[in-house]
Structures are given as structure tokens and as C-alpha cells.
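Novice: need a structure here:
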Amino acid sequence: MSYADTMSAIGAKRRQIEALRVEMRALQSAIEPEPVADYTFQGWGGPVRLSDLFCEKNDLFVIHNMGTTCRYCTLWADGFNGVYEHLADRAAFVLATPNTPQVQQQFAKSRGWRFPMVSHQGSSFATDLGYRLEHGDEVGENSSRWVPGISAFQRDASGIRRVSNTELGPYDDFCSVWHFLDMLPEREARWEPKFKYA
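Specialist: Alright, predicted model coming up:
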């Protein structure tokens, strides 16, 4: 297929995606919010509640990040760091991990991250919201794994509600790196994110 024909076909697919986004936005606008508890986290200055994370805003984004051992979560968080001020002007924005606040502080400093962070270690927050999955194996031993994602919350006098959430993964809408790579014929060409590049 010629370059012009291929780009025309891709353009048609992009218009289909745009139409789907309009439909998704309509569904999002009609959602029945899910009430959630006012969880307690470990903040960098001590205990902090979910309600405190809103600061003066009525909307809050919480990033469910798997922590310092995940190169992929780090890639996403590096991208969030670049748009943090834009997002924080509209809604509160916090990244939550299972790491201790001390580990978070060291890692955030090494990455130059500017957004606030909390630890959900010792709470049921990630499990209750679907971002820690419990598994049983054939010998009856239980294990669990973290799942990366985003939850959006709103609050008013009646309490806190989750109004949307989504998992994060390659080729989602929240990491531009994958969309750049999608423009190349070989896509990743075995590329994977790293903590540091030589």
C-alpha cells in the first residue's frame, strides 16, 4: 500500500477512535459514582487521609503505582511529572505506592518528581479499589500482585466517591512514549523502558 493510501486509512481509523471517545465521554458523564471510605495513608509528614489529598479541590486523581521496582510505572510517572502542574491546576493529583515514605522520597528525588506521593502500605486501599489482586495457587498458597492504574475521585458534604478508574499499560492513553513508537514500522523493536539509559 502506498504511503498516501496508508496514511489515509490510518486517518480514517483515527476518526473512528475520536467518535468512540465522544461515546465514552457521554458514558462517563452519566456514571453513578461509587462511595469510598476515607482511607488513611502514610504521607511524607505523617498520616494523611484520602480527604486530605484533595487539598482545596473537589476533584482528585490518584495514580496507583506499583513502586520503585517497576520500570513501566516509572516511565508513566516520569510523564506525569511533565504535565503535573497542568493537571494540578484543575484537580488534586497524588501518586500512591506500596513503598514507605522514606523510599518514595529517595526515589522521587532521583527522578526529579514534583507531584505529591503517599504510601498505602498497611491499608486495604489498593485491594479495595481493585489495584492489588489476590491469587491462590495449586498448593493452596496465596499470593498477590499490584496493578497500575488511575482512579478519579470527587468529594462534597456527603463524602468521597470514585467517578472513574482505568488500568495502565502499554499503548494506553496516558503514556505518550508508546504512541510515538507506534508511528515506527517495527514499533518497539524489542525496546523496553529502563531506569537509566547509557
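
Novice: Which residue ranges make up each domain of the protein?
Specialist: Following automatic domain parsing, the chain resolves into domains at 1-30, 35-181.

Novice: can you map out the helices along this protein?
Specialist: Listed in chain order, the helices of the chain (DSSP state H) span residues 3-29, 71-90, 101-111, 125-128, 176-181.

Novice: Could you report the pLDDT at the closest residue to Thr100 other than its chain neighbours?
Specialist: Spatial nearest neighbour of Thr100, chain neighbours left out: Ser119 (5.7 Å); criterion: Cβ to Cβ, 6 or more residues apart in numbering. C-beta: built from backbone N, CA, C; applies to glycine. Per-residue confidence at Ser119 stands at 98 (pLDDT).

Novice: Ser119 and Thr40 touch, don't they?
Specialist: No. Under the criterion of Cβ atoms under 8 Å, Ser119 is not in contact with Thr40, lying 10.6 Å apart.

Novice: could you dump the domains of the chain to CSV with mean neighbour count and distance to Lys196?
Specialist: Shown next, in CSV, are the domains of the chain (neighbours: other Cβ atoms under 10 Å; distance: least, Cβ to Cβ, whole Å):
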stretch, mean neighbour count, distance to Lys196
domain 1-30, 9, 34
domain 35-181, 16, 10
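
Novice: Export those to TSV and append columns for distance to Glu188.
Specialist: Below are those laid out as TSV (distance: least, Cβ to Cβ, whole Å):
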stretch	distance to Glu188
domain 1-30	18
domain 35-181	6
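
Novice: Which among those is found nearest to Trp191?
Specialist: Among the domains of the chain, the nearest to Trp191 by Cβ to Cβ is domain 35-181 (7.0 Å).

Novice: Centre of the chain to that closest one, how far?
Specialist: 6 Å (Cα atoms, centre = their mean, to the nearest Å).

Novice: same deal with stretch 12-25?
Specialist: Taking mean C-alpha positions (Cα atoms, centre = their mean), stretch 12-25 and its chain are 22 Å apart.

Novice: May I have that stretch exported as CSV, CA atoms only?
Specialist: The C-alpha atoms that make up stretch 12-25 are tabulated as CSV, following Å, rounded to 0.1, in the frame of the first residue of the first chain:
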residue,chain,number,x,y,z
ALA,A,12,-9.9,7.0,8.9
LYS,A,13,-9.1,4.8,11.9
ARG,A,14,-8.2,7.9,14.0
ARG,A,15,-11.6,9.5,13.2
GLN,A,16,-13.2,6.2,14.4
ILE,A,17,-11.2,6.5,17.6
GLU,A,18,-12.4,10.1,18.0
ALA,A,19,-16.0,9.0,17.6
LEU,A,20,-15.5,6.3,20.3
ARG,A,21,-14.1,8.9,22.6
VAL,A,22,-17.2,11.0,22.3
GLU,A,23,-19.3,8.0,23.2
MET,A,24,-17.0,7.2,26.1
ARG,A,25,-17.3,10.8,27.4
